[in-house]
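A.B. asks: how does the following fold in three dimensions:
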Amino acid sequence: QVQLVESGGGLVQAGGSLRLSCAASVRTFGSGYMGWFRQAPGKERESLAAIAWNGISTYYADSVKGRFTISRDNAKNTVYLQMNSLKPEDTAVYYCAAGARGGAWYLAAIYEYWGRGTQVTVSS
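C.D. replies: Model prediction:
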């Protein structure tokens, strides 16, 4: 069983930054992705970014492109989401996910494992 544990959420003012971490209990899934999603109250889960397990390819949703950066540290089995220029509408619970099912990175269905989430609140 793969475990994912997010950390780094909190309260930040608009314009500020946070870095989320996702520690995985395994080093690699071979193929597939590690991804970040978020869900705000009353809204559907939204895909944000993903990094392929080969570490070469990264992907971003238009809503966060240029503000968020996904990266990984293989030695620590950890994936990060650096979030800059945060806006109140970025307020949500942020989840990391890992999976190797076939399909596009932004589809929640391709991810087999999910963390419990970390709350990010951006005040205006």
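
A.B. asks: where's residue 33 relative to residue 52, distance?
C.D. replies: 6 Å (CB to CB, to the nearest Å). (Each C-beta comes from the backbone N, C-alpha and C, glycine too.)

A.B. asks: okay, the two: which has more neighbours?
C.D. replies: residue 33 (27 against 16; other CB atoms under 10 Å).

A.B. asks: residues in contact with the most centrally placed residue in the chain?
C.D. replies: What sits nearest the mean C-alpha location of the chain, by CA atoms, centre = their mean, is residue 36, with 2.0 Å. By CB atoms under 8 Å, 6 or more residues apart in numbering, the contact set of residue 36 is 20, 22, 47-50, 68, 70, 79, 81, 94-97.

A.B. asks: now do the strands in the chain.
C.D. replies: Per DSSP state E, the chain carries strands over the ranges 4-7, 10-13, 18-24, 33-39, 46-52, 58-60, 68-73, 78-83, 92-99, 113-114, 118-123.

A.B. asks: okay if I get the ones you listed as TSV plus distance to residue 107 and mean pLDDT?
C.D. replies: Converted to TSV, the strands of the chain look like this (distance: least, CB to CB, whole Å; pLDDT from 0 to 100):
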stretch	distance to residue 107	mean pLDDT
strand 4-7	18	96
strand 10-13	29	98
strand 18-24	18	96
strand 33-39	9	96
strand 46-52	8	95
strand 58-60	11	96
strand 68-73	16	94
strand 78-83	18	96
strand 92-99	10	95
strand 113-114	13	94
strand 118-123	22	98
